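Q: after the sequence you'll find the predicted model.
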Amino acid sequence: MLVAAAVCPCPPLLVPDVAAGAASELDAARAAVTDALGVLAASRPDLLVVVGPAEKSGRGSHPEGTRGSFSGFGVDLDVCLGRPDAGDANRDTDGAGSGSPERELPPSLAVAAWLLERTGWSDAPVEGLGVGEPLEAERCVETGAQIGGRAGRVALLVMGDASACRTLKAPGYLDERAEAFDAEAARALGAADVAALKALDIDLAYELKAAGRAPWQVLAGAAEGAGLGGALLYDDAPYGVGYLVAAWS
């Protein structure tokens, strides 16, 4: 059963080495993320599942020990999801077992791995799941329900940004619908409103480049019947992209 969740944005700029001289601009977001991860640790989970948006090559499961890199962003920085030696433990004797983490983490999960390393996560085994932006709401909810049943006490770290259309200089340019979409997402995440998350408009989310939609709906599926409460810890749109941080427990 789901016992806690942390919802965090996933821009590589959260990593100070990537942000470089602009790192201080996201200090408030990092502080909120740290608080949200503290809620996960306090829940004493048996399993932590990290869910984030991914392109085709990064979709699917990523076992503990999978590595990621920020080299694509011009930074020589590598990360590991959970325990670095877990990948070796997952291999068969020939080194090519089905559990072997052969793929690299997608950027959203690499940011999550950095966050967990930064906060010294060691409370429970960690697994990653990359979900595609087109994944239908029903499939997201079904996937979340399956995750919620994986262990007696499951925690979720849910990575994903809101719209990327809040200003003229935003990646998706200005869209007048973006502010209302983000406001409803923020309200739903802050209130742990499972029904509202399930009802998020897939087509509108796609048009607004809201990469968090599918991970949020996975969360909704995992949280069904768990009776969790929520708190919105951060809501801002630096660089014209909606960044939301929430904690459920």
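A: Good, I have the coordinates.

Q: which residues of this structure score low on pLDDT?
A: 87-102 (pLDDT under 70).

Q: name the residues that touch the strand or helix carrying residue 182?
A: Assessed by DSSP states H and E, residue 182 sits inside helix 178-191. Helix 178-191 has contacts (CB atoms under 8 Å, 6 or more residues apart in numbering) with 7, 162-163, 165-166, 170, 172, 193, 196-197, 200-201, 204-205, 208, 210, 212, 216, 230-232, 235, 237, 242, 244, 246. Yep, even glycine has a C-beta here, placed from its N, CA and C like the rest.

Q: with just CA atoms, put the following helix or strand past that helix into CSV.
A: Next in sequence after helix 178-191, counting helices and strands by DSSP H and E, comes helix 194-198. Extracted in CSV, the C-alpha atoms of helix 194-198 (Å, rounded to 0.1, in the frame of the first residue of the first chain):
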residue,chain,number,x,y,z
VAL,A,194,-6.8,11.5,-6.7
ALA,A,195,-10.0,12.1,-8.8
ALA,A,196,-8.8,15.5,-10.0
LEU,A,197,-5.4,14.0,-11.1
LYS,A,198,-7.1,11.2,-12.9
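
Q: helices and strands around helix 194-198, which ones?
A: In terms of contacts (3 or more CB pairs under 8 Å, 6 or more residues apart in numbering; DSSP states H and E), helix 194-198 is packed against helix 178-191, helix 213-223.

Q: return the distance of whichever helix or strand comes after it from the chain's centre.
A: Note on helix 194-198: by DSSP H and E, the next helix or strand toward the C-terminus is helix 202-207. Put simply, helix 202-207 sits 18 Å off its chain's centre (CA atoms, centre = their mean, to the nearest Å).

Q: stretch 105-118 too?
A: That offset, for stretch 105-118, works out to 9 Å (CA atoms, centre = their mean).

Q: can you check stretch 43-63 too?
A: Worked out by CA atoms, centre = their mean, stretch 43-63 lies 8 Å from the chain centre.

Q: re the thing from before, need the winner for burial among the helices and strands packed on helix 194-198.
A: helix 213-223 (a mean of 28; mean count of other CB atoms under 10 Å).
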